[in-house]
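**Student:** build me a structure from this.
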Amino acid sequence: MAKVFVDTNILVYCMDESDKKRKARCRTLIEALAGDLYGVISTQVLQEFYVAATKKLRADPLAVKDILHSFRRFETVVITPEVIKDAIDCSLINRISFWDSLIVVAAESARCEKIWTEDLNDGQIIRGVRIENPLKSLK
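**Tutor:** The predicted model follows:
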């Protein structure tokens, strides 16, 4: 079973009423994680999702809390001091933001094959994990 790390933006689009195409595509992606793919997130993604959903999308905080509860089906990588140290190195070596490097290192630590995100270069491989922008055809 292939592991896929799901970045925050993919989860947020699942709720975004202002972009119907991205919402539909992201929901399809998340549903696919029940088949041959296995979803992975991190504590960073959980935090970012809550903030983006309540601030950017103005969703009800208790409804977002319920949605977060549904993410239990995903493997969750805990951001530890060791992950942060490795993310700093990844950020410096690959010249990407610290926050993006936390995603990469979390994905690597969970042995994910790829990361679904809009925030990094599609097709790039960092620390053995392939970056995939599943929304590139919608631009």
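**Student:** count of neighbours near Ile115?
**Tutor:** 26 (other C-beta atoms under 10 Å). For every residue, glycine as well, the C-beta is placed using N, CA and C.
**Student:** residue contacts, it?
**Tutor:** Val4, Phe5, Val6, Asp7, Ile103, Val104, Ala107, Val129, Arg130, Ile131, Glu132 (C-beta atoms under 8 Å, 6 or more residues apart in numbering).
**Student:** dump those into CSV; add pLDDT and distance to Cys14 as well.
**Tutor:** Shown next, in CSV, are the contacts of Ile115 (pLDDT from 0 to 100; distance: C-beta to C-beta, whole Å):
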residue, pLDDT, distance to Cys14
Val4, 96, 15
Phe5, 97, 16
Val6, 97, 10
Asp7, 97, 12
Ile103, 98, 17
Val104, 98, 22
Ala107, 98, 19
Val129, 97, 22
Arg130, 97, 22
Ile131, 97, 20
Glu132, 95, 17
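**Student:** in helices, which of those residues fall?
**Tutor:** Ile103, Val104, Ala107 (DSSP state H).
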